[in-house]
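Enquirer: Give the three-dimensional model of this entry:
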Amino acid sequence: MRVSAILSDWLSQRLDRNADQPLYRQLHGLLQQAILTHALAAGARMPSSRLLARELGLGRNTVIQVYEQLTLEGYVTCSTGRGTFVVDTSPDEMVGGTAHVLRDASATKDERAVPRPLQTRTLPLSNRGHALVEGAGVSKRQWGAFMPGVPDVSRFPVRVWTRLHNTHWRRPRLDLMTYAPGGGLPALRQSLADYLRTSRSVRCAPEQIILTTGIHQSIDLAVRLLSDPGDTIWTEDPCYWGIRSVLQISGLRVRPIAVDAEGMAPSSDDLKHPPKLVLVTPSHQYPLGCVMSLARRRTLLEFAQRHGTWIIEDDYDSEFRYSSRPLASLQGLDETGQVIYVGSFGKTLFPGLRVGYIVVPESMADNFAVASAELYREGQLIQQAVLAEFIAAGHFTSHVRKMRALYASRRKVLLDAMHAEYGNQFAVAGGDAGLHLVMQLPDDVDDTRVAARALERGIVARPLSSYYSNRASARSGLLLGYACVPDEEIGPCFQTLANAIDSVCGGVR
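Expert: Numbering: from 1, shown residues only. Next up, the predicted model:
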């Protein structure tokens, strides 16, 4: 049998005329495979486009297009009057200059015309890559009861945002369509500085603010500039799993420090070994919700000054306090410029906005701006321009005020639902601020099993124990986000969750 006939028969068996992928793409991939596996040997003459098209029942232009693409990619070469020939793709230089033909030398010429599947292998991840993937806490679901940390994006003032957005696209400024200058758009940095000074007591000028894509990137930037692999960083225990992953992948030695009712509580032994960095959530500890006391704040600042330690303050959702005014930032108490302040608009506006910020000491501002531009090549300047106007026009503070009232109402509905099901049987932590609360379970209850049972019923409830680095001291409980759950759904959804709890606890009511 002719080689062209064998090839045509092999191709005909594999072309799927009912598939979504165009026949051109399928034919190209199959011929590419045949050449890479050396089933079509180097120097072999390809069937003419007319012949192959007739035998496959395709349009000749389709085959010509495939041949032209293979020629551009270096798989075949075309010679006018002679035909199309397979190029030798053997990696000669990689094997010491000796061409290794990957075909069975004992096979007949016709047998070698039938392509074999490509032999692929999966290379292993690096140690830190494996640790990152294995320890990942990211959820496949990012919406619904009771996903913590997610705002109600359905209440975002889309019309206002769209109007501001459209004004920039009617007559687009070319300087807003390129890479961002170091630090981000000056107008947004100015609006942010004004807002942070008045609402969070942050001491800053616009030049001290570096715009990022969120808290993860802000902390990653600070860690890269202020520490080296092997340096030690203190984190709260428990703490947000996402930040813990950022720190571990950076090569830092993460030392978890226990948290009590006043915040991070380093032991006397911890104090003997000052770290390079300390990462804290003083205004609303994540996930337990406690507030770092003034005495503990001053102690931490004095410790940092004495030992040359940097403090990274993660102020992730402090706008949402329901029993009192939002608390002043730790950075506002800093007299020596050792606090790096980070925040974002993910919870106040919507997570998909992907705009965050980092406030650095004046002496470090230029370094951070240059490093940000060098590492991340930021853009989204039109988005930043819209956000600057949104803040300057008062839409931001108005939206936060409305959402604060809404979330306070939903928090109460959830607390009422919990009380209706269990009375005062389970303690609640972090219930007067933020977008979630913690329902504490007895220590002998496996909260991971409860969360799994809940997910089977369509309810997200993150296990508290998974936020601890020291599993020996981990407490059992569930993080329940209420911000993105409509009022009328909170009660029924909690009943479903209660069934999941009872299925593990054997009926606790």
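Enquirer: remind me which residues of the chain are low pLDDT?
Expert: Where the chain drops to pLDDT under 70, the residues are 1-3, 91-120, 137, 142, 326, 431, 507-509.
Enquirer: could you pull out the strands for it?
Expert: Per DSSP state E, the chain carries strands over the ranges 76-79, 83-86, 209-212, 232-237, 253-260, 263-264, 277-280, 310-314, 339-344, 356-359, 428-429, 436-440, 462-463, 477-481.
Enquirer: got a list of what the closest residue to Asn367 other than its chain neighbours touches?
Expert: Excluding the flanking residues, the one nearest Asn367 by C-beta to C-beta, 6 or more residues apart in numbering is Leu225, at 6.5 Å. Quick note: C-beta positions are derived from backbone N, CA and C, even for glycine. By C-beta atoms under 8 Å, 6 or more residues apart in numbering, the residues touching Leu225 are Met364, Asn367, Phe368, Ala371.
Enquirer: Of these, which is the nearest to Ser4?
Expert: Ala371 (59.2 Å; C-beta to C-beta).
Enquirer: Please tell me I have it right and that closest one contacts Arg224.
Expert: Yes: assessed by C-beta atoms under 8 Å, Ala371 is found in contact with Arg224 at 7.0 Å.
Enquirer: Can you name the residues that contact Pro148?
Expert: Shown in contact with Pro148 (C-beta under 8 Å, 6+ apart): Pro287, Leu435, His436, Arg462, Leu479, Leu480, Gly481.
Enquirer: what about stretch 242-256, distance to the chain center?
Expert: On the basis of C-alpha atoms, centre = their mean, to the nearest Å, stretch 242-256 sits 15 Å off its chain's mean C-alpha point.
Enquirer: Serialize the contacts of Leu225 to TSV and add fields for distance to Asp175 and neighbour count.
Expert: Formatted as TSV, the contacts of Leu225 follow (distance: C-beta to C-beta, whole Å; neighbours: other C-beta atoms under 10 Å):
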residue	distance to Asp175	neighbour count
Met364	26	18
Asn367	24	14
Phe368	22	25
Ala371	22	17
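Enquirer: which one of these is nearest Asn499?
Expert: Checking the contacts of Leu225 against Asn499 with C-beta to C-beta, the nearest one is Phe368 at 49.8 Å.
Enquirer: check contacts around the closest one.
Expert: Gly183, Ile210, Leu221, Leu225, Ile358, Val360.
Enquirer: Could you find the closest non-adjacent residue to Asp447?
Expert: Leaving aside its chain neighbours, Asp447 sits nearest to Pro463 (3.9 Å; criterion: C-beta to C-beta, 6+ apart).
Enquirer: Next, work out how far apart the one you found and Arg471 are.
Expert: The spacing between Pro463 and Arg471, counted by C-beta to C-beta, to the nearest Å, is 11 Å.
Enquirer: who has more neighbours, the two?
Expert: Pro463 (22 against 8; other C-beta atoms under 10 Å).
Enquirer: so that one makes contact with Ala451?
Expert: Yes: using C-beta under 8 Å, Pro463 is in contact with Ala451, at 4.5 Å.
Enquirer: Outline the domain layout of this structure.
Expert: Following automatic domain parsing, one gets these domains for the chain: 3-113, 399-505.
Enquirer: Contacts only, for Arg128.
Expert: Applying C-beta under 8 Å, 6+ apart to Arg128 gives the contacts Gln248, Ile249, Gly251.
Enquirer: buried stuff in stretch 16-33?
Expert: Buried residues in stretch 16-33, counting neighbours by 16 or more other C-beta atoms under 10 Å, are found at Leu23, Tyr24, Gln26, Leu27, His28, Leu30, Leu31, Gln32, Gln33.
Enquirer: would a markdown table of these with distance to Thr235 be doable?
Expert: A markdown table is the format used below for those (distance: C-beta to C-beta, whole Å):
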| residue | distance to Thr235 |
| --- | --- |
| Leu23 | 55 |
| Tyr24 | 53 |
| Gln26 | 51 |
| Leu27 | 55 |
| His28 | 51 |
| Leu30 | 52 |
| Leu31 | 54 |
| Gln32 | 49 |
| Gln33 | 49 |
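Enquirer: For Arg298, state which of the residues you listed is nearest.
Expert: Gln32 (66.9 Å).
Enquirer: I figured the closest one was touching Tyr75, is that so?
Expert: Yes: here Gln32 reaches Tyr75: they are 6.3 Å apart, a contact under C-beta under 8 Å.
Enquirer: What about Ala187, how many residues nearby?
Expert: 17.
Enquirer: How about the one 5 residues further on?
Expert: Number of residues near Leu192 (other C-beta under 10 Å) recorded here: 25.
Enquirer: That one and Pro206 touch, don't they?
Expert: Yes: counting by C-beta under 8 Å, Leu192 does reach Pro206; the two are 7.5 Å apart.
Enquirer: re earlier: including distance to Ala417, could the contacts of Phe368 go into CSV?
Expert: Shown next, in CSV, are these (distance: C-beta to C-beta, whole Å):
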residue, distance to Ala417
Gly183, 45
Ile210, 42
Leu221, 41
Leu225, 46
Ile358, 38
Val360, 43
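Enquirer: With respect to Ala131, which of the residues you listed is nearest?
Expert: Nearest to Ala131 out of the contacts of Phe368 is Leu221 (C-beta to C-beta; 21.5 Å).
Enquirer: quick one: contacts for that closest one?
Expert: Residues in contact with Leu221 (C-beta under 8 Å, 6+ apart) are Ile210, Thr212, Ile358, Phe368, Ala371, Ser372, Leu375, Tyr376.
Enquirer: and Arg17, how far is that from Leu27?
Expert: 11 Å.
Enquirer: related to what we said a few turns ago, what's the closest of the domains of the chain to Val160?
Expert: Taking the domains of the chain one by one with C-beta to C-beta, domain 399-505 is closest: 8.7 Å.
Enquirer: Figure out the length between the terminal residues of that closest one.
Expert: Counting by C-alpha to C-alpha, to the nearest Å, you get 41 Å between the two ends of domain 399-505.
Enquirer: if we can go back for a sec, highest average neighbour count across the domains of the chain?
Expert: For the domains of the chain, the largest average neighbour count (mean count of other C-beta atoms under 10 Å) is found in domain 399-505, namely a mean of 18.
Enquirer: ok, back up a step: are any of the contacts of Leu221 buried, and which?
Expert: Ile210, Thr212, Ile358, Phe368, Ala371, Ser372.
Enquirer: what would the residues you listed look like in JSON lines with distance to Glu236?
Expert: JSON lines is the format used below for the buried ones among the contacts of Leu221 (distance: C-beta to C-beta, whole Å):
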{"residue": "Ile210", "distance to Glu236": "24"}
{"residue": "Thr212", "distance to Glu236": "22"}
{"residue": "Ile358", "distance to Glu236": "19"}
{"residue": "Phe368", "distance to Glu236": "24"}
{"residue": "Ala371", "distance to Glu236": "26"}
{"residue": "Ser372", "distance to Glu236": "26"}
